[in-house]
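S.K.: Got a predicted structure here, sequence first:
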Amino acid sequence: MLTTEKEQADFCKEFNISSERFRNAGLTWGELERIAQDFKLKRDEHQSTVKLYADALQTCPGVHSLGYRVKETSHLIEKIIRKNPEYMAKGDSLSQTNYEQKITDLMGIRILVLFKEDWLGIHEKIMKDYKDALWEPPFVYLREGDDAGLYEGRIKNKKRKGLQVSSLCDSIRYRVRN
């Protein structure tokens, strides 16, 4: 994936990564290739895991539709390049041995509900069955002006930095260990 100069140049072009940005990431192409190969080997396992969660959550009353995914390998590598300077500033660095613990969106499930109130049954199922698997307490990104009362006492309301949440929905996040 990233072994030849052409593959590396194509990758940087696709993800708009300048040579300075790559240098600031503090990683070699060899380390990134090892992470990519490791993730590719574990992709089927991640796919099975997220499918198990999705199948269980699909049965919750209030679920209108549900989709799930495992992060694409190239997007993982881009994120590692983008995020590693933040880790280095804290005296840490992303690597083949720790990326699965540090990158919390390797798998994802998106559940759509028709009515905001329907989230509560799904939330209760997640907290009952998967609370011990969560990286952190769940949180919601609310739209400006929305009533936070629906979530008070259950999950934290976070402000999104520089981004607006879709005008159609609130965004509730549960980050589960890989």
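M.R.: Looks like it arrived, so ask away. Remember, it's a predicted structure, so these values are computed and weren't measured experimentally. Numbers count the residues shown, from 1 in each chain.
S.K.: how many other residues sit next to I122?
M.R.: Neighbourhood size, I122 [other CB atoms under 10 Å]: 19. Backbone N, C-alpha and C define where each C-beta goes, glycine included.
S.K.: what residues are up against it?
M.R.: 57, 60, 62-63, 111, 113 (CB atoms under 8 Å, 6 or more residues apart in numbering).
S.K.: do the same with E7
M.R.: M1.
S.K.: so it is in which element?
M.R.: Following DSSP states H and E, one finds E7 within helix 5-14.
S.K.: Now do the buried residues in that helix.
M.R.: Using 16 or more other CB atoms under 10 Å as the test for burial, helix 5-14 gives 8, 11-12.
S.K.: In helices, which of the contacts of I122 appear?
M.R.: In helices, judged by DSSP state H, the following of the contacts of I122 are found: L57.
S.K.: got the residue ranges for the strands in the chain?
M.R.: Assigned by DSSP state E, the chain shows strands spanning 65-70, 107-112, 139-141, 156-158, 171-173.
S.K.: Can you list the strands that the fourth one pairs with?
M.R.: Paired strands of strand 156-158, with direction, are strand 139-141 (parallel) (DSSP bridges).
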